[in-house]
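[1] For reference, the sequence and a predicted model appear below.
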Amino acid sequence: MKTLPPVDVLIVGGGWTGLLMAKELGSRTPLSVLVLERGPIHNPDEYIKEMDELDYAIRKRSGVKVQDCSKETATLRRSGNERALPLRELGLLIPGTGVGGAGEHWGATAYRIMPDCFQLLSSTIEKYGVKRLPADHSIKDWGVTYEEMEPYYTRAENLIGASGKAGNIQGRLIEGGNIFEGVRSGEYPTPPTATPYFSALFRDAAKSLGYHPFPGPNATLSEAHTNPDGVSRPGCVFCGFCNMYGCMIGAKAQPTNVLLPVIKRHKNVTIRTGPWVRRLVREKSPNGRVRGVTYKDSSGDEVFQPADLVILATWTLNNTRLLLLSEIGEPYDPATGKGNVGRNLTADLKFAAAKVLMEKPLNRFMGSAPTGIYVGDLESGVVDNTNLPFLRGGLLRALNSGYQPIGTFGRVPQSVKSTWGSEWKKAAVYWYDRMEDVRWDGEVFAYKSNYMDLDPTYKDVHGDPLIRMTMDWQENERRMSEFGTAKGVEVARAMGAKEIIPFGGLGHFDANPYVVTQLRGGTIMGASRDDSVVNPFLQHFQASNLFILGSSVIPHAPTARPTLSLIAMTIRTSDAIVDRYLKHPGPLA
Amino acid sequence: MERRHFLTVSAASVGGLLVYSLDGKAFRLATDDKAVLIPLRFFSEDEALIVSTAVARIFPSDESGPGAKEAGVVIYIDRQLAGPYGEDRYRYTQAPFESGSPDLGYQGKESPREVYREGLKPLKGLDRLEPAEQDARLKLIEKTYFFALLRRHAIEGMFCDPVHGGNVDMVGWQMLGFPGPQMSYREAVNTHFGEAYRPRPASLLQISGFKIRPSEDEK
């Protein structure tokens, strides 16, 4: 095996978190920083070529924009008694590949995590008592508080130029913003984006029911903005090609338009595309350091790349898989509760609480992925669960994401029973632009029985075991989904819907519909090495020169999509590395 | 060498059809052309006729608008099957193949090409039946994975960018009021509340100024 010259900092994965760390360390230190990204380089100047629903949203350009699942995928089973089967096509998960990762095709929602999520265990016990907790739960406090995170949220929002309307600035409540949010230090860097027709109908109906709707915060700019690094981007034009596409004008914050321009100014940062990292190499002693990684290069040769400091910043499942394959830390065992690598696998609970059939056309093709109106009155920590049959809560939302026909054609009123032929087609054509969703997005607990390990049967293209997910919805989510459905239907009724199709109920965790690329858990953060893989600075508890970035550190699934929080956490970790670790290498907590 | 197959299209029956040739160039069939031979990449002529008939029953032309025939869905499907998608280049195809809950997605060994080849056999002669008999034959297979693919591909061929061979002349988009890729709705997004806003559709080739290489042409 060839050994390459060592580098100071090695970053595995070139998505939001990996490139952000490269930017921070590259611009604030003289260290040599090497980013390994197994996918290709993208050309954002030609993202207009991606405005093709078939190739990008349906076929997904495997190997170019998203991971080629013929080479590596994951397996899924719903309980320890089932045999796991591979996800043979991308659907449930759409991990990115190439420089920028999934950050190039993300939906650009930039909503902060609700404050008490960071102390989920202690705040729930304090409010409702330990007896209310689900028997099988494995929720915990994260080891960091919202108040500690706030300055980093602010820096993250300034970096991406987040658009929104504050509802709570230093304790002062502001009408029109989210009055239920955590205390903010200031207003958003750019004002909220437009409120198109369907969202406006939802907003007015929600108001009439006594709710406090607010414009969803997001990372597609409402107007031109220059961030603190001097990077300028234009305002969104609502072309609707966001989710699964690179933004043709760069209005959507993407690693290639926010981070790369800064990285390119710093000669100490190198991005190497093509390497497929297979192992982290660690010294054998209990607190041994990580010496570097081995990878297969594009010509198929095995290479050892040594480094002083290693940042693991691949996609959620891959972070966990690489630790398991490298035998770093003890694998989680659900039977004994021992071991931490792989525990607390969670996913978003999101569904159409009400499909709303409206009399007038909605012009659904205009919009941007995150454009819409949210209702925060039923969020976790806001809604009172005392007399409800479940814990926590979620958001009601209406979005004007900009919809395309292949993905959204074919929905018909309940009276139409056929799924092909004239009757179906006539109804599907008529209702195509008159039907939209009121959505529920809820918080999901972690459970002892939901976790990851290495699959005993299925392998990747190099012969390494795939990651296996054991995952299903539990009673708390089922009851919450009934609540969310009822609330969504109420708003839909107030919108003057001609017909409402309520959510059909939560079945098993399902591989078919797209749930969310950002599953969470596997290498979770916390105050104690007894139940966590990394400390609150995302530093590995045993190997102190290893930091792990990404959704894998999040211990359960709050309502908020993780990306904004991951950007904030990465900035916090970069401060800890620059201000403390580099001066005195060793455990930070 | 295998015999090359062609789909015979009567231009008069479709009233001026925009067709993309194998090298991606667009040409229009004039209505006075009696018939045009479109080279097939995957189907035999018999198979193409069956597929053409089946998708036209799934997505018929009727008073609610054009259907699979006008949109050239069979040509779209032919190209998809001939390309990387048809051969499962990007699907995880490692054994063992176990049947599982449908919730875990398609677990079969067969590629889309193989699913079509097998699935078309029991539909032999479909194109020579009366519409009611055609529907009855399709009813018999409507729970199969092959039928699910046919239906999915019919929708894709109706509404894809014309660069893929379907949605000819953007007939599918026009029927729905979908304008295709456009450069900006910055003003429009705040107006037209409660009324249909229907800009003239454009295809990706028309707006982008770039040569577009669709995934089915990937080597």
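    Okay, I see it. Numbers count the residues shown, from 1 in each chain, chains lettered A, B, ... in the order given.

[2] List the contacts of residue A:166.
    By Cβ atoms under 8 Å, 6 or more residues apart in numbering or on different chains, the residues touching residue A:166 are A:174, A:177-178, A:181, A:184, A:186-188. Where you see a C-beta, it was placed from the backbone N, CA and C, and this is true even at glycine.

[3] what's the burial count for residue A:418?
    Neighbourhood size, residue A:418 [other Cβ atoms under 10 Å in any protein chain shown]: 12.

[4] Helix or strand: which one has the residue lying closest to it once chain neighbours are set aside?
    The shortest distance from residue A:418 to any non-neighbouring residue, by Cβ to Cβ, 6 or more residues apart in numbering or on different chains, is to residue A:424 (4.4 Å). Using DSSP states H and E, residue A:424 falls within helix A:422-431.

[5] Tell me which strands the helix or strand following that helix pairs with, and in which orientation.
    Toward the C-terminal end, the helix or strand that comes next after helix A:422-431 (DSSP H and E) is strand A:435-442. Strand A:435-442 pairs in its sheet with strand A:349-357 (antiparallel), strand A:394-401 (antiparallel), by DSSP bridges.

[6] What segments of chain B are strands?
    B:6-9, B:17-20, B:26-29, B:36-39 (DSSP state E).

[7] how about the residues of the stretch 101-250 of chain A near chain B?
    A:194, A:196-197, A:200, A:235-241 (Cβ under 8 Å from any Cβ of the partner chain).

[8] could you pull out the helices for the stretch 401-550 of chain A?
    Taking DSSP state H, counting those that start in this stretch, the helices of the stretch 401-550 of chain A run over residues A:405-408, A:422-431, A:475-494.

[9] got CSV for those helices, with mean neighbour count, distance to residue A:67 and mean pLDDT too?
    What follows is the helices of the stretch 401-550 of chain A, written out as CSV (neighbours: other Cβ atoms under 10 Å in any protein chain shown; distance: least, Cβ to Cβ, whole Å; pLDDT from 0 to 100):
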stretch, mean neighbour count, distance to residue A:67, mean pLDDT
helix A:405-408, 21, 20, 96
helix A:422-431, 19, 32, 98
helix A:475-494, 21, 27, 97
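
[10] Return the distance of the helix holding residue A:424 from the chain's centre.
    How far helix A:422-431 lies from its chain's middle: 35 Å, per Cα atoms, centre = their mean, to the nearest Å.

[11] circling back: could you work out the most separated pair of the residues of the stretch 101-250 of chain A next to chain B?
    Spatial extent of these (Cβ to Cβ) is set by the pair A:200 and A:241 at 22.2 Å.

[12] Give me the phi and psi for residue A:310.
    phi -120, psi 130 (degrees, to the nearest 10).

[13] partner residues bridging it?
    Per DSSP bridges, the residues bridged to residue A:310 are residue A:10, residue A:546.

[14] rewinding a little: nearest to residue B:139, out of the helices of the stretch 401-550 of chain A?
    Proximity to residue B:139 (Cβ to Cβ) singles out helix A:422-431 among the helices of the stretch 401-550 of chain A, at 13.4 Å.

[15] rewinding a little: show me which of the strands paired with strand A:435-442 has the highest average neighbour count.
    strand A:394-401 (a mean of 27; mean count of other Cβ atoms under 10 Å in any protein chain shown).

[16] and the angle from that strand to helix A:475-494?
    When axes from the mean of the first three to the mean of the last three Cα atoms, to 10 degrees is applied, the directions of strand A:394-401 and helix A:475-494 differ by 50 degrees.

[17] Correct me if wrong: residue A:287 contacts residue A:546.
    No. Between residue A:287 and residue A:546 there is no contact under Cβ atoms under 8 Å: 11.2 Å.

[18] so what's residue A:225 bridging to?
    residue A:233.

[19] Tell me who's in contact with it.
    Counting by Cβ under 8 Å, 6+ apart, residue A:225 has contacts A:161, A:189-190, A:232-233, A:235.

[20] For the closest residue to chain B within the stretch 101-250 of chain A, grab phi and psi.
    As assessed by Cβ to the nearest Cβ, chain B sits closest to residue A:237 within the stretch 101-250 of chain A, at 3.8 Å. Main-chain torsions, residue A:237, degrees, to the nearest 10: phi -110, psi 10.

[21] Please list all residues in contact with the residue nearest to it when sequence neighbours are not counted.
    Once flanking residues are discounted, residue A:237 sits nearest to residue B:184: 3.8 Å by Cβ to Cβ, 6+ apart. Counting by Cβ under 8 Å, 6+ apart, residue B:184 touches A:237-239.

[22] Return the backbone torsion pair for residue B:184.
    Backbone geometry at residue B:184, expressed as degrees, to the nearest 10, gives phi -160, psi 140.

[23] Residue A:200 and residue A:241: which has the busier surroundings?
    Remark: of residue A:200 and residue A:241, residue A:241 carries more neighbours, 26 against 18, as counted by other Cβ under 10 Å.

[24] Low-confidence bits of chain B, can you list those?
    B:1-3, B:9-35 (pLDDT under 70).

[25] I should have written the stretch 401-550 of chain A there, sorry.
    Using pLDDT under 70, the stretch 401-550 of chain A drops low at A:512-517.

[26] if we go to 90?
    Residues of the stretch 401-550 of chain A that meet the criterion pLDDT under 90 lie in A:507-518.

[27] Near chain B, which residues of it? Just list them.
    Residues of the stretch 401-550 of chain A lying near chain B (Cβ under 8 Å from any Cβ): A:404-406, A:409-410, A:419-422, A:425-426, A:429-430, A:432-433, A:457-459, A:507-512.

[28] Now a PyMOL select for only the buried ones of those residues.
    Remark: buried members of these, expressed as a PyMOL selection using 16 or more other Cβ atoms under 10 Å in any protein chain shown:
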select buried, chain A and resi 404+405+406+409+410+420+421+422+425+426+429+432+433+457+458+509+510+511
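
[29] contacting residues around residue A:545?
    Counting by Cβ under 8 Å, 6+ apart, residue A:545 touches A:289-290, A:308-310, A:585.

[30] So what does it look like in phi/psi?
    Dihedral angles for residue A:545 - degrees, to the nearest 10 - are phi -100, psi 20.

[31] Who are the contact partners of the closest residue to residue B:155 other than its chain neighbours?
    Nearest residue to residue B:155, sequence neighbours excluded (Cβ to Cβ, 6+ apart): residue A:409, at 5.5 Å. By Cβ under 8 Å, 6+ apart, the contact list for residue A:409 reads A:428, A:432, B:155, B:158-159, B:176.

[32] Can I get those residues in CSV including distance to residue A:276?
    Shown next, in CSV, are these (distance: Cβ to Cβ, whole Å):
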residue, distance to residue A:276
A:428, 43
A:432, 42
B:155, 36
B:158, 39
B:159, 36
B:176, 42
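
[33] from those residues, which is closest to residue A:365?
    Of all the contacts of residue A:409, residue B:176 has the smallest distance to residue A:365: 9.0 Å, by Cβ to Cβ.

[34] looking at it, the closest one is touching residue A:433, isn't it?
    Yes. In terms of Cβ under 8 Å, residue B:176 counts as a neighbour of residue A:433; the distance is 6.7 Å.

[35] Enumerate every residue touching the nearest residue to residue A:309 once chain neighbours are set aside.
    Spatial nearest neighbour of residue A:309, excluding adjacent residues (Cβ to Cβ, 6+ apart): residue A:9 at 4.7 Å. For residue A:9, the residues meeting the contact criterion (Cβ under 8 Å, 6+ apart) are A:25, A:31-34, A:307-311.

[36] okay, those residues in a markdown table with pLDDT next?
    Formatted as a markdown table, these follow (pLDDT from 0 to 100):
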| residue | pLDDT |
| --- | --- |
| A:25 | 98 |
| A:31 | 98 |
| A:32 | 98 |
| A:33 | 98 |
| A:34 | 98 |
| A:307 | 98 |
| A:308 | 98 |
| A:309 | 98 |
| A:310 | 98 |
| A:311 | 98 |
